[in-house]
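Have a look at this prediction, sequence included:
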Amino acid sequence: MLDPVKVTLTCPGITAAGDMAEEGIPARVLTTYLATRNIVVEKTDSYTTLILFSMGITKGKWGTLLDALMDFKALYDADAPLDRVLPAAVAAHPRRYAGLTLRELCRQMYGRLRSARLVELLDTAFQQLPEPVRPPQHCYQRLVRGGTERIRIADAANRVAAAMVTVTSPGIPVLMPGESTGDTVGPLLRYLTALESFDRHFPGFRSETHGVTIDEETGDYQIECLRR
């Protein structure tokens with residue numbers, strides 16, 4: 001209603017009041033399917049997908065999106081095999097996804113989202129702001145001079161961030177340069193830890209978190225921190 005070129009698709013699973021339903025379709029599954037139809041999604045979180053249109057879009061172009069959404073619903077209702085719906089994901093991770101159906105994948109992923117309480121943890125992380133420790137310009141100077149290091153999320157308690165960490169969506173920073181990461185049981189590290197666990201459980205459906213790098217060998221989440 002505010003910006004006609006930004007279209008947000010809301011998937012089943014959570015109400016506007018934040019209440020969880022018994023069943024749901026995680027937006028990451030829908031985004032991956034749309035990619036197979038050559039439809040590029042701008043941002044994806046647990047239950048919403050953001051697609052950018054242009055001012056000159058035609059009925060035929062946005063009709064392509066509607067067709068893809070209807071096809072996805074038909075595949076979900078028919079409980080189609082996952083190797084038919086998302087063949088690339090199954091081929092890349094056969095031990096994890098071989099033999100699954102689309103509905104079963106959605107059920108497993110939605111159950112994980114509910115048990116991890118990702119939405120609740122993210123909301124808490126936004127409400128409880130981190131403590132500023134160093135000025136941002138100090139962190140930048142340390143960053144360009146090699147005075148920072150990448151730290152695993154598991155070891156990042158009470159460190160000072162050297163780079164911004166932004167959760168997408170909504171695309172709002174949860175940690176700014178110079179702010180403390182907080183305790184292990186604090187809202188920020190609890191959220192990032194839950195996110196890392198989710199990504200490990202569902203390879204190929206990685207979260208979009210700017211400022212977080214992934215170790216190619218171990219799969220550990222890492223963030224840039226000031227050297228002690």
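That came through fine.

can we go C-alpha only for contacts and neighbour counts from here?
OK.

If you average the pLDDT over the longest helix anywhere in the chain, what comes out?
The longest helix of the chain (DSSP state H) is helix 59-77. Helix 59-77 carries an average pLDDT of 90.

Show me which parts of that helix are buried, residue by residue.
Going by neighbour count (16 or more other Cα atoms under 10 Å), the buried part of helix 59-77 is 65, 68, 72, 75-76.

can you list those residues in JSON lines and add distance to Y140?
Shown next, in JSON lines, are the buried residues of helix 59-77 (distance: Cα to Cα, whole Å):
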{"residue": "L65", "distance to Y140": "42"}
{"residue": "A68", "distance to Y140": "44"}
{"residue": "F72", "distance to Y140": "45"}
{"residue": "L75", "distance to Y140": "49"}
{"residue": "Y76", "distance to Y140": "48"}
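
And the contacts of the longest helix of the chain?
For helix 59-77, the surrounding residues in contact (Cα atoms under 8 Å, 6 or more residues apart in numbering) are 30, 33-34, 37, 39, 85, 102-103.

wait, which of those residues is closest to N158?
L30 (36.8 Å; Cα to Cα).

Please, which helix or strand holds the closest one?
Using DSSP states H and E, L30 sits within helix 27-36.

How about M109: what's its closest non-neighbour residue?
P26 (6.8 Å; Cα to Cα, 6 or more residues apart in numbering).

give me every residue that touches the one you found.
With contacts defined as Cα under 8 Å, 6+ apart, P26 is in contact with 11-13, 46-47, 106, 109-110.

Helices - which of these land there?
Using DSSP H, the contacts of P26 in helices are 106, 109-110.

so which of those residues is the most crowded?
Y110 (24 neighbours; other Cα atoms under 10 Å).

number of nearby residues for S54?
9.

again with D123
Count around D123 with other Cα under 10 Å applied: 13.

Please, which helix or strand holds it?
Applying DSSP H and E, one finds D123 within helix 118-127.

which other helices and strands contact that helix?
helix 187-201 (3 or more Cα pairs under 8 Å, 6 or more residues apart in numbering; DSSP states H and E).

Tell me which residue is most central in this structure.
S207 (2.9 Å; Cα atoms, centre = their mean).

ok now do that residue, which residues does it touch?
Counting by Cα under 8 Å, 6+ apart, S207 makes contact with 45, 168, 195, 199.

Tell me the spacing between it and V29.
Distance from S207 to V29, counting by Cα to Cα, to the nearest Å: 12 Å.
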